[in-house]
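Q: this is the structure alone, sequence omitted:
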């Protein structure tokens, strides 16, 4: 009897805790969903509503024409495609090079691995603004301005340190015994890397992709400076182009931002399922 | 034996090659260029005048540069980030990583602010802080605290916090996702074993989950600190001219001001060099701190 | 039709005779794809143009592409004037393809500076006059327009080139010009019994007091963007010390150490401390303040006359708004007709251009058309002599034109006139004045010491 009531108490306590936890989770979720709602409604409003008359309500008059003007004037489809090309290539480059570098640093035995790791960590510390002119000159000398590479290389380089950091976090978790076993089976470092390590790094791929993607997708400064040909313009520059020196209509800017952001949100929601699956795979194998 | 070493080094080199090439051309070369420029008085276009360490001297001694103030603000942001933002992120990561109903939607939603452009986040918070019709002002008025209302971003007592809150809020999801990946990486078997031994949820978190995600925790702390030292976007959107009495300046806003607005390329480069050194020093210190704890902790 | 004929008549290529002009445009069909002058001379078939065309390229004989960067983005009110002008040019010179790109204002400043550093500029580029362009000129990256200007002398008064003239040489083609206007919401003024913008300073202050007493905020000013404060402060200083004295200071011919300026700054500050300005303005951006003004929150709004186009577009607000000149404060030194502003929007040609002469001629003709259409659209006043029918220009812009017609002196915006470093120092001090951290004396002392 006594133990039963205690269990009941415990159940009650757990129940109460659960409710509190859910309340917190839901409140935080609302707080994080609000910008999405706000961005969407703001894209359908007039300047008057945006500036004071109707801050958070639904638009009085759903101005879908904002979308038309953003879509027609802004060459959004092209910019979208450019952003995708640049981001995907940069991410691929980051994943390949950071995986390889991390393998060399954490699994191969040689004298300066720690120093090289520290050297790469320098990449976390470089403020993007300071490098504009030197990188611009370098790219120009290599004839890469006004090409996709003008953005792919810098983006990859700036995400690299992060990629290596994340990779290291995941790779040290993989037991060294696996390498030993592979070596006994006669695998060289390349084969070990390809056959043993890479398959176990799936969760890292997802994480690195997300983080590099964030760096690339919204980047404005490099995108604006290194490419002037409209053919290679990316979304953030395209969106910014909707605001002018003398007049700025905020509605179409909101619409362009929705066009730029929503597909990504949707992809993310689908990807997050994949990510979780790969997490679980990693957990089971690890 | 010797031949094997050589092969080993060739392999190491080849593995490192793509990363090194990118790194040296795009990141390291500009650092050295910045270092070089920082000894000159140069507007980025016309002739350069060598001035030795004058830029650094002015940086640290001249009040109108506001460099000390900006450093102080960045350190405050870093501290808030580590001691407030990260614990919140860790809390959510632990709750979600344990596997509860609605794990996936919550995870997706919490990450959304990170995906949304800073322009939108900035505009949203401008509407929250607007002194005439802003949400914060209206809410306070409705609750009967109209006296408390002030031009939030225009008052030097409130501007800094008003700028930091969105900055911290936006990236909770970022750290949460990183930590969540770590939490998910903890083997369910170990968890289960601990539960069977009678450990409570918080004990499992404290003695099993957190120690095993230490490498990722380290990454998070490094990001939080270096990110704070480099933070720029939202602060610029909310207070474009550095806030009232320059109270919201951070090193990046000073860097941008010198480099772009004032055409003082040498001074801008000097700020960049100092920022690089600081970030690097902090990153090393954090790594070291985590290593020390390894020795005693494990 | 008349306009086209006129612009045809005025082109630099006119020297080559009208026959050559016609020849240039017909000949281009045969010369597409060919590079340089030889291809086009061969195909024009006009004997008169042949010798000079081989000597150097002209806008008529050249066949190929030019590039241009500007800031007339999709939502800029100048967009239409650029598009219309470029369309006219394409029709007139089918032999030349202009590849133009527009960038957002703030990011363009970074972009063009980086491009000048790396010597990677387009043939024609937009720039702001005075100090902004001066750095590029000093770096030797801008093509001198003295020769090309000769053909346009009659249409573009030399006085308009002052802001883009360095060491006596011209480097820029001005487009529209703007001044600071005192915009007033006449509905609000009517509530306190005024049917016109007060003409003297005493009346003006009385009007502000009356507005304040009626619970209406006299001035709206965006404290978050310091250039908005200068629109007020510079007008007050100019109407206290006179245009010449202020010009001397801005252009470095006199120091800031001037007691009259200190007194003027104190006058401005008294407007702030008397509560004429919206106290919330300190935390607002210009977009927000401008919308507040259109919303009837402020009686006055001092800002650039480029706002005319926006005000004219707002049907509910347009009938209420009037524009005037800030009244004279010290009649011994200043007088009406002394204005803040002048031509700042400018096109320039890169020295590194492959075809600088062609680009220069093209640049003048294009600038003239942009100016023309910009004026018709109400984006600003023409730096070029206006032509054609201008009766469609909105009433506000016409009122501004009238004010400018009586102008006796212009002082360019301080942050445009000074070099970038000094301008930022100046803006820092202006912000301190607005925040009442320094008074007039401290303002002039600080600037005397800190301007490098």
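A: Arrived safely. Just so it is clear, the model here is predicted, and its values are computed rather than measured.
Q: helix or strand right after the helix or strand where residue B:162 lies?
A: Using DSSP states H and E, the element containing residue B:162 is helix B:159-170. For helix B:159-170, the following helix or strand on the C-terminal side (DSSP H and E) is helix B:172-185.
Q: what packs against that following helix?
A: In terms of contacts (3 or more C-beta pairs under 8 Å, 6 or more residues apart in numbering or on different chains; DSSP states H and E), helix B:172-185 is packed against helix A:149-171, helix A:202-217, helix A:250-285, helix B:86-97, helix B:103-115, helix B:214-230. The way it works is simple: take the backbone N, C-alpha and C, and place the C-beta from them, glycine included.
Q: give me the residue at the spatial middle of chain B.
A: For chain B, the residue nearest the mean C-alpha position is residue B:227 (1.8 Å; C-alpha atoms, centre = their mean).
Q: that one touches residue B:80, doesn't it?
A: No - counting by C-beta atoms under 8 Å, residue B:80 is not a contact partner of residue B:227; they are 11.9 Å apart.
Q: low-scoring stretches of the chain, by residue?
A: Unless you meant another one, I'm taking chain A. Residue ranges of chain A with pLDDT under 70: A:1-12, A:73-74, A:130, A:244-247, A:272-286.
Q: meant chain C actually
A: For chain C (pLDDT under 70), the answer is C:1-56, C:452.
Q: can you give me the strands for it?
A: Applying DSSP state E to chain C gives strands spanning C:64-70, C:96-102, C:124-128, C:165-166, C:169-170, C:173-174, C:176-185, C:217-219, C:298-304, C:321-324, C:338-343, C:345-349, C:381-382, C:409-411.
Q: who wins for proximity to chain A among these?
A: Minimum separation from chain A across the strands of chain C (C-beta to the nearest C-beta) falls at strand C:96-102, 5.5 Å.
Q: who's in contact with the closest one?
A: Applying C-beta atoms under 8 Å, 6 or more residues apart in numbering or on different chains, the contact partners of strand C:96-102 are A:228-230, A:241, C:59, C:62-74, C:76, C:79, C:82, C:86, C:89-90, C:122, C:358, C:362, C:366.
Q: and that strand with strand C:124-128, angle?
A: 40 degrees (axes from the mean of the first three to the mean of the last three C-alpha atoms, to 10 degrees).
Q: quick one: the helix ranked longest in chain B near chain A?
A: Ranked by residue count, the top helix of chain B under DSSP state H comes out as helix B:265-297. Yes - using C-beta under 8 Å from any C-beta of the partner chain, helix B:265-297 reaches chain A at B:265, B:268-269, B:271-272, B:275-276, B:278-280, B:283-284, B:287.
Q: among these, name the buried ones.
A: Buried by 16 or more other C-beta atoms under 10 Å in any protein chain shown: B:265, B:268, B:269, B:271, B:272, B:275, B:276, B:278, B:279, B:280, B:283, B:287, out of those.
Q: need those in a markdown table with distance to residue A:99, can you?
A: Formatted as a markdown table, those follow (distance: C-beta to C-beta, whole Å):
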| residue | distance to residue A:99 |
| --- | --- |
| B:265 | 37 |
| B:268 | 35 |
| B:269 | 33 |
| B:271 | 34 |
| B:272 | 30 |
| B:275 | 29 |
| B:276 | 26 |
| B:278 | 30 |
| B:279 | 24 |
| B:280 | 24 |
| B:283 | 21 |
| B:287 | 21 |
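Q: how about residue C:73, what does it touch?
A: A:240, A:241, A:242, A:243, A:244, C:79, C:102, C:103, C:104, C:105.
Q: list just the nearest of the residues you listed to chain B.
A: residue A:240 (8.0 Å).
Q: pretty sure the closest one is in contact with residue C:104, am I right?
A: Yes - Residue A:240 lies in contact with residue C:104 (C-beta under 8 Å); the separation is 4.3 Å.
Q: ok, now how distant is residue B:81 from chain C?
A: To chain C, residue B:81 is 25 Å away according to C-beta to the nearest C-beta, to the nearest Å.
Q: picking up where we left off before, of the strands of chain C, which is nearest residue B:59?
A: strand C:124-128 (28.4 Å; C-beta to C-beta).
Q: buried residues, the closest one. List them.
A: C:124, C:125, C:126, C:127, C:128.
Q: likewise for stretch A:226-242?
A: Neighbour count says stretch A:226-242 has A:226-228, A:230, A:232-242 buried, by 16+ other C-beta under 10 Å.
Q: show me what contacts residue 259?
A: No chain specified, so I'll use chain A. Applying C-beta under 8 Å, 6+ apart, the residues near residue A:259 are A:67, A:70, A:71, A:76, A:80.
Q: please go with chain C instead
A: residue C:444.
Q: list the buried ones in stretch A:104-123?
A: So stretch A:104-123, judged by 16+ other C-beta under 10 Å, has buried residues A:104, A:105, A:106, A:107, A:108, A:113, A:116, A:117, A:120, A:121, A:122, A:123.
Q: check whether it comes near chain B.
A: Yes - against chain B, stretch A:104-123 shows contacts by C-beta under 8 Å from any C-beta at A:104, A:105, A:108, A:109, A:110, A:116, A:118, A:119, A:120, A:121, A:122, A:123.
Q: isn't the first one up against residue B:15?
A: Yes - taking contacts as C-beta under 8 Å, residue A:104 lies within contact range of residue B:15: 3.6 Å.
Q: can you tell me how far residue A:252 is from residue C:287?
A: As judged by C-beta to C-beta, to the nearest Å, residue A:252 and residue C:287 stand 14 Å apart.
Q: related to what we said a few turns ago, for the buried ones among the residues of helix B:265-297 next to chain A, which one is nearest residue C:148?
A: residue B:265 (31.8 Å).
Q: the lengthiest helix in chain A and chain C in contact?
A: If you go by DSSP H, chain A has its longest helix at helix A:2-42. No - between helix A:2-42 and chain C, judged by C-beta under 8 Å from any C-beta, nothing touches; the nearest distance is 13.7 Å.
Q: after that helix comes which helix or strand?
A: Following helix A:2-42 in sequence, per DSSP H and E, is helix A:47-48.
Q: do that following helix and chain B meet?
A: No - against chain B, helix A:47-48 shows no contacts by C-beta under 8 Å from any C-beta, the least distance being 11.9 Å.
Q: how about the contacts made by the closest residue to residue C:132 other than its chain neighbours?
A: Of all residues not flanking residue C:132 in the chain, residue C:416 sits nearest, at 6.9 Å (C-beta to C-beta, 6 or more residues apart in numbering or on different chains). Contact analysis of residue C:416 by C-beta under 8 Å, 6+ apart lists C:128, C:129, C:130, C:131, C:132, C:344, C:423.
Q: could you rerun that using 7 Å?
A: C:128, C:129, C:130, C:131, C:132, C:344 (C-beta atoms under 7 Å, 6 or more residues apart in numbering or on different chains).
Q: brilliant, that's me finished.
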